[in-house]
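Undergrad: Fold the following and give me the result.
(2 chains)
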Amino acid sequence: MNNKQTLVVIGNGMVGHTFLESFVKSEARDQFNIVTFCEEPRVAYDRVQLSAFFSGKTAEDLSMADEGFFENNDIQLHLGDRAATIDRENKTVTSEKGVTISYDKIVLATGSYPFVPPVPGHERDNCLVYRTIEDLEKIKASAKDAKVGAVVGGGLLGLEAAKALKDLNLETHVVEFAPRLMAVQLDDGGGAMLRRKIEDLGVSVHLNKNTSNISDGDDRFHKMSFADGEELETDIVLFSAGIRPRDDIARDCGLETGPRGGITINNNCQTSDPDIYAIGECALWEGRIYGLVAPGFQMARIVADQLSKGEMSFTGADMSTKLKLMGVDVASIGDAQAQTEGALVYAYQDDAEEIYKRLVVSPDKKKLLGAVLVGDAAGYATLLQYKLNEIDLPEHPDSLILPGRSDESVGLGPDALPASAQICSCYDVTKGQICTAIEDGNTTVAALKDCTGASTGCGGCSALLKSVLDCELTKLGIEVNTDICPHFPYTRQDIYNLVIVEQIKSFDELLDKHGSGSGCEICKPAVGSILASYWNDHILEQSHLSLQDTNDTFLANMQKDGTYSVVPRIAGGELTPDDLISLGQVGNKYNLYTKITGGQRVDFFGARMEELPLIWKDLVDAGFESGHAYGKSLRTVKSCVGSTWCRFGVDDSVGLAIELENRYKGLRAPHKIKFGVSGCTRECAEAQGKDIGVIATENGWNLYVCGNGGMKPRHADLFATDLDKETLIRYIDQILIFYVRTAERLQRTSVWMENMEGGLDYLKSVIMDDRLGICAQLEEQMTHVVDTYQCEWKTTIEDENKLKRFRHFVNSDDADTNVVFVQERGQIRPAREEERTLAAASGEI
Amino acid sequence: MSNWTKICSTDDLQPNSGICALVDGKQVAIFYMPKLGEVYAVDNWDPFGKANVLSRGLIGDIGGAPMVASPLYKQHFDLKSGQCLEDEEVKLNTYEIQINNNSVEIRV
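TA: Next up, the predicted model:
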C-alpha cells in the first residue's frame, strides 16, 4: 500500500465527472487514490441533451466519459452502487452493496431528483419523471400503448420533457401552475410568445393549473383534475415541476443543510466539515441552489483547484441561458423580470415573425441589467457581454433589439471586450486565452477550437469567436490573404460566384477577365473542379484537359512508380458473382495487383498508362463504370446489408446506398466525398464517420453531415431525423451543392463545418428555412449535374482524340523501362531500388 | 554537336500540358505553352519521386517564370533552366527544342 491519501467522489453525473476530468489534470492528482461511486448503471452522460435520446442519439452518443477514462486515470469506479452512508468519526464511506472505503477527502456530487408534487394519485402507473436514461426507457415503454401525454411543469426541463413526448408522436400537453411558461427566466411578454410558438408546433399549453387529483380516466388512462374544476385526460403524466437537492447522505452524517434542502457550502465549496466538499445541484451557496450545469462545472473546477493550489473560489454564477426548445430559440439574461428598482424596459414584439425581445437597463440607461429573447436569440452573445462586463450601452439601447432599419452597426465590436470577458461559457474560455492562442499561431477558427476548446460545446459563441479572431489578426498586422493563388486575387468561393454570374465556361476566359499569368497547379485544378461541378462538361474536353491533375487527366490514380490504379464503381458495395468473375478476369489478363478498398470495392494496381484504355474497354464491356477514385468527387456509398437480410435491419440500406451513389456519382467537389448508409442504429456502415451519413429508423431516415474518418476523425452532426426518402434526397442535394459552392479548395466537409460561422444551426437554416433564398438554385444545379452524367471512361474509349494521350512516348510504342515488378504473396508489386539494380545486373531488363 | 531530331508533328503537342518523347534512349518531357508561343524540353525523370512522370505534371508560371509541378510530390521545376525551386541542389537537364514547319525537333 502506498502512502497516498484517498479521495472519494460520490456521484458520477455531469458535475462529478467534470470534477474528475479537472482533478486528474491537476498537480495534486498523484497525492490521491481516487474512488468514485456511481448509482446509475452507466457512467456520466449529457443530461442536457437527454431529449436527443428520442430523436436518434443512443446512450453511448450521450456519454461524457472517453473510452477507458477510468482505467487510464487509475480511478476505482463502483458502478451501479450508491454511496449510502458517511461515518465522519472513523472517516469511512459505505455503499449500498456493502463496500467500505476509508477516506481523507470527499467530494459530494449527488445532484438532484425531480420534485413530484404530493397530488393524490401521483403514484399511479404511467406517472413518470424525466431525469435519467432509465426514466426515458420507462417513458418509451409506456408510450407504446399511449396516445396522449401531459407534462406537469412548464419550466425549462418541463418543455424539454414535452419535446420528448412530442418525439414519441404523442398528443402533448404542458400543465403549468404559474401564469406563464418558463416563469423563472422569462417575463409575461416572452412567456406569451413562447407559448404561441410552442402551440404552433402542436403542443397544448395550460397555464394557472393546479393539479389537485389524478384518477382513472374515462377515455384515457388518467384523468387529471385541476383546482379550477377543469379536467384533462391523458395516458402518461410526466412530472417535471422542478428539482430538489439530494442531500440525505449529508444530512444523515450531520453536515449542515438548508431549511429547504441543499448541502451548505462556503466559497471554497467546503461543507461544514472541511474535509467534505459539495458541488453542483446538491450544494447550497448563500441560500441558493444553482440548477444549471455551467455553475456546477465551475464548482467542479474550483474544488479540483482547492485540492491542489487553493487559488480559486466560488463567488456566485451567472444564470443567463440560451437554448433551443423544440426548435424555438429562447434566451434569458440577468434580471429578465426588471426587479431592480428603477429599472427601465425596452421591448420589441413582432407577431408576424413571432419574435419578442426585451431589454432591462439601469435607470441612467448606461448598463444592461437583463434581457429576454424569444424566437430570435442571435443577439444573445453580444447582450451577455454587455451585461457581464458592464460595458456602457449605446446612446439608444433599443437599437440593440430593433430590427436593422439603418446601416448603423449595433453589434458590440470584439475590441470593446476586456481580456477577462468570457467568450465560451461551456468551457469557460476568455478572450484573453483566445488572444494568446492566436499569438501562438492558431489563426483559423478550426485551430482555435482545437487548441482552446472554445465553441466546441453548444457552439453558440462561434460567431463571436470568429470576430475576435478577425479583429486580433488585423491588430497583429497579419494580413489574412485568402486569395486562392497569385494568379487570381479571389477566394475559391469568389471564383465560383464569378463563374455563375458571368456564366464563364473555360479557364482561359476566367484568366483573361479576372486573372494574370499562366496559372499553376493550385488554381488550375480548382477552376477545373468549379467548371465541372457547374457545367458538367467531360473533364478531358480540350479546353479543360490542361487543368486536370494527372489522376484526372488519365482517369486513374498515379502510384509511386508512375503506374496507375483502376477502380470500377461498385455502387453500395453490391455486386453479382458474375461481376466478380469479370473483375477477376480483367485482373488476370493484365496481371494487376488486386485489393479490396475501405469503400467496399476492388482496386487494381500496376496498370501502365498505355494499358488503361484496354483495361477499361474490358470493364465497360462487362458493364462497369468509372468509380471516380481519381477525382475530387463522390467516392463510395458504403452500406450494411440492411433489412433485406439482417434480422436487426429496419430499412433497405443497400437499396438506398445504390440509389444515392448513382445519383451523385461524377459530382466534382472541393475534395472527395464519402457516404455511408446503415440499416439500423447498430451502424455497421459507420455512416457517422462520413461526409454524408444516413441511418434507418422506425420512422424514416436520420441524416448526419460532415463526419470524417482518416487523419482527423470527426463525428458527424445529426442534421435531421425521420425523413422520408424524397426529403432526404432534397436535403443532400442542397447540402452538397452548398458545400461545392462555398468550401475552400481541398477542404473536406468536416473542416468546412468547423469553420462555418454559426455551424450546424446555420447550415440547417440555409437548407431548411432557405435563409439565403438559394435552395431552388442549389436544387437546379444538382438536377443539371445528375441529368448530364456520363461515364468518363465510356466516353473516353469511344473518342480517338482523347485516347491519343494514353501512350508513354509520343514517338515510340516502347514501355517505360523503369517500371519493374516483382512477386510478393502471389501478386506483383513495384520493385524496390536494390531489386531493380539486381535485375538490371542479371540482364532481366 | 549532334543534329536536330524530328520527334513528332505540332499536332501531337498538348497545349498547356506535356508529352514524353524517347530521344537516343533518354526520356524527355516536352511542354507547349501556345499563349507564349513556347515549347520546353526537360528530363522526364522525377529526381524526388524516382519515376518517369514529369511530362504528366501540371504547368503554369511562378512569378512569370514557366514551371512544371511534379505529379508525385509537387516540387516545382523552372522549365527554362530545369532548376528545382524547392531545392537549389537539384536541377533537371534541359534540351534544345524548336518547331520547324509543323515538326517538333530536339537536340540532345
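Undergrad: residues from chain B in reach of chain A?
TA: Applying C-beta under 8 Å from any C-beta of the partner chain, we find that chain B lies next to chain A at B:7-8, B:12, B:14-17, B:19-22, B:27, B:30, B:33, B:35-36, B:49-53, B:56-64, B:66-67, B:69, B:71-72, B:74. To be clear about C-beta, it is placed using only N, CA and C from the backbone, and glycine gets the same treatment.
Undergrad: low-confidence ranges in chain B?
TA: Within chain B, the segments meeting pLDDT under 70 span B:1-2.
Undergrad: got the residue ranges for the strands in it?
TA: Under the criterion DSSP state E, chain B carries strands at the ranges B:5-9, B:17-23, B:26-33, B:38-43, B:45-46, B:51-52, B:58-62, B:65-69, B:76-78, B:96-100, B:103-107.
Undergrad: nearest to A:Ser204, of these?
TA: Closest to A:Ser204 of the strands of chain B is strand B:58-62 (C-beta to C-beta; 64.4 Å).
Undergrad: From the contact counts, what lies against the closest one?
TA: On a contact count with 3 or more C-beta pairs under 8 Å, 6 or more residues apart in numbering or on different chains; DSSP states H and E, strand B:58-62 meets helix A:523-535, strand B:17-23, strand B:65-69.
Undergrad: quick one: strands adjacent to it?
TA: Strand B:58-62 pairs in its sheet with strand B:65-69 (antiparallel), by DSSP bridges.
Undergrad: Throw the strands of chain B into TSV and include distance to A:Glu40 and mean neighbour count, thanks.
TA: Output for those, formatted as TSV (distance: least, C-beta to C-beta, whole Å; neighbours: other C-beta atoms under 10 Å in any protein chain shown):
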stretch	distance to A:Glu40	mean neighbour count
strand B:5-9	77	16
strand B:17-23	65	23
strand B:26-33	68	23
strand B:38-43	69	21
strand B:45-46	61	21
strand B:51-52	60	23
strand B:58-62	59	23
strand B:65-69	58	22
strand B:76-78	60	23
strand B:96-100	78	14
strand B:103-107	78	19
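Undergrad: per-residue pLDDT, the nearest residue to A:Leu159 once chain neighbours are set aside?
TA: Beyond its immediate neighbours in the sequence, the residue positioned closest to A:Leu159 (C-beta to C-beta, 6 or more residues apart in numbering or on different chains) is A:Leu325, lying 4.6 Å away. We note a pLDDT of 80 for A:Leu325 in this prediction.
Undergrad: Could you give the number of residues near A:Leu325?
TA: A:Leu325: 21 surrounding residues under other C-beta atoms under 10 Å in any protein chain shown.
Undergrad: So it sits against A:Ile198, correct?
TA: Yes. In this structure, A:Leu325 is within contact of A:Ile198 by C-beta atoms under 8 Å, at 7.4 Å.
Undergrad: shared neighbours of those two, anything?
TA: Residues within reach of A:Leu325 and of A:Ile198 at once, by C-beta atoms under 8 Å, 6 or more residues apart in numbering or on different chains, are A:Leu159.
Undergrad: Identify the residues contacting A:Gly453.
TA: For A:Gly453, the contact set (C-beta under 8 Å, 6+ apart) comprises A:Cys424, A:Tyr427, A:Val429.
Undergrad: Let's see that with 10 Å instead.
TA: Counting by C-beta atoms under 10 Å, 6 or more residues apart in numbering or on different chains, A:Gly453 makes contact with A:Cys424, A:Cys426, A:Tyr427, A:Asp428, A:Val429, A:Gln433.
Undergrad: Buried ones among those residues?
TA: By neighbour count, with 16 or more other C-beta atoms under 10 Å in any protein chain shown, the contacts of A:Gly453 hold A:Cys424, A:Cys426, A:Tyr427, A:Val429, A:Gln433 as buried.
Undergrad: Sort out for me which of those are in helices.
TA: Using DSSP state H, A:Gln433 are the members of these that sit in helices.
Undergrad: Dump the buried ones among the contacts of A:Gly453 into TSV; add pLDDT and distance to chain B as well.
TA: Shown next, in TSV, are these (pLDDT from 0 to 100; distance: C-beta to the nearest C-beta, whole Å):
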residue	pLDDT	distance to chain B
A:Cys424	82	37
A:Cys426	72	40
A:Tyr427	77	38
A:Val429	87	37
A:Gln433	91	36
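Undergrad: Pull the most distant pair out of the buried ones among the contacts of A:Gly453.
TA: Pairwise distances among the buried ones among the contacts of A:Gly453 were taken by C-beta to C-beta; the largest, 13.7 Å, belongs to A:Cys426 and A:Gln433.
Undergrad: I'd guessed A:Ala241 sits against A:Ala183; true?
TA: No. Checked against C-beta atoms under 10 Å, the pair A:Ala241 and A:Ala183 is beyond contact range at 11.4 Å.
Undergrad: Please identify every residue contacting each of the two.
TA: Common neighbours of A:Ala241 and A:Ala183 (C-beta under 10 Å, 6+ apart) are A:Gly154, A:Gly155, A:Glu176, A:Phe177.
Undergrad: Got phi/psi on the third one?
TA: This means A:Glu176. phi -130, psi 140 (degrees, to the nearest 10).
Undergrad: and it, how many neighbours?
TA: Neighbourhood size, A:Glu176 [other C-beta under 10 Å]: 25.
Undergrad: For the closest residue to it other than its chain neighbours, which residues are in contact?
TA: Spatial nearest neighbour of A:Glu176, chain neighbours left out: A:Gly154 (3.1 Å); criterion: C-beta to C-beta, 6+ apart. Listed by C-beta under 10 Å, 6+ apart, the contact set of A:Gly154 reads A:162, A:174-178, A:180-183, A:191, A:194-195, A:198, A:205-207, A:209, A:240-241.
Undergrad: which residues does the residue of the stretch 101-250 of chain A found nearest chain B contact?
TA: The minimum distance from the stretch 101-250 of chain A to chain B, using C-beta to the nearest C-beta, falls at A:Asp167 (50.1 Å). For A:Asp167, the contact set (C-beta under 10 Å, 6+ apart) comprises A:Ser51, A:Ala52, A:Phe53, A:Phe54, A:Ser55, A:Gly56, A:Lys140, A:Ala143, A:Met326, A:Asn699, A:Thr721, A:Asp722.
Undergrad: Now restrict the residues you listed to buried residues only.
TA: Buried among the contacts of A:Asp167 (16+ other C-beta under 10 Å): A:Ser51, A:Ala52, A:Phe53, A:Phe54, A:Ser55, A:Gly56, A:Ala143, A:Met326, A:Thr721, A:Asp722.
Undergrad: these two touch, right, the fifth one and A:Leu718?
TA: Yes. Applying C-beta under 10 Å, one finds A:Ser55 in contact with A:Leu718, separated by 7.4 Å.
Undergrad: Between these two, which contacts overlap?
TA: Taking C-beta under 10 Å, 6+ apart as the contact rule, A:Ser55 and A:Leu718 both touch A:Asn702.
Undergrad: what about the closest residue to A:Gly287 other than its chain neighbours, how many neighbours?
TA: Among residues not flanking A:Gly287 along the chain, A:Gly258 sits closest, at 6.7 Å (C-beta to C-beta, 6+ apart). Using other C-beta under 10 Å, A:Gly258 has 16 other residues around it.
Undergrad: my guess is A:Gly16 is in a strand, correct?
TA: No. Counting by DSSP: H, G, I helix; E, B strand; the rest coil, A:Gly16 is not part of a strand but helix.
Undergrad: what pLDDT does it get?
TA: At A:Gly16, pLDDT is 96.
Undergrad: mind checking the end-to-end distance for stretch A:333-345?
TA: Using C-alpha to C-alpha, to the nearest Å, the end-to-end distance of stretch A:333-345 comes out at 13 Å.
Undergrad: Work out the gap between it and the centre of the chain.
TA: How far stretch A:333-345 lies from its chain's middle: 35 Å, per C-alpha atoms, centre = their mean, to the nearest Å.
Undergrad: Name the residues of it that come out as buried.
TA: Within stretch A:333-345, the residues scored as buried using 16+ other C-beta under 10 Å are A:Ile333, A:Gly334, A:Asp335, A:Ala336, A:Gln337, A:Ala338, A:Ala343.
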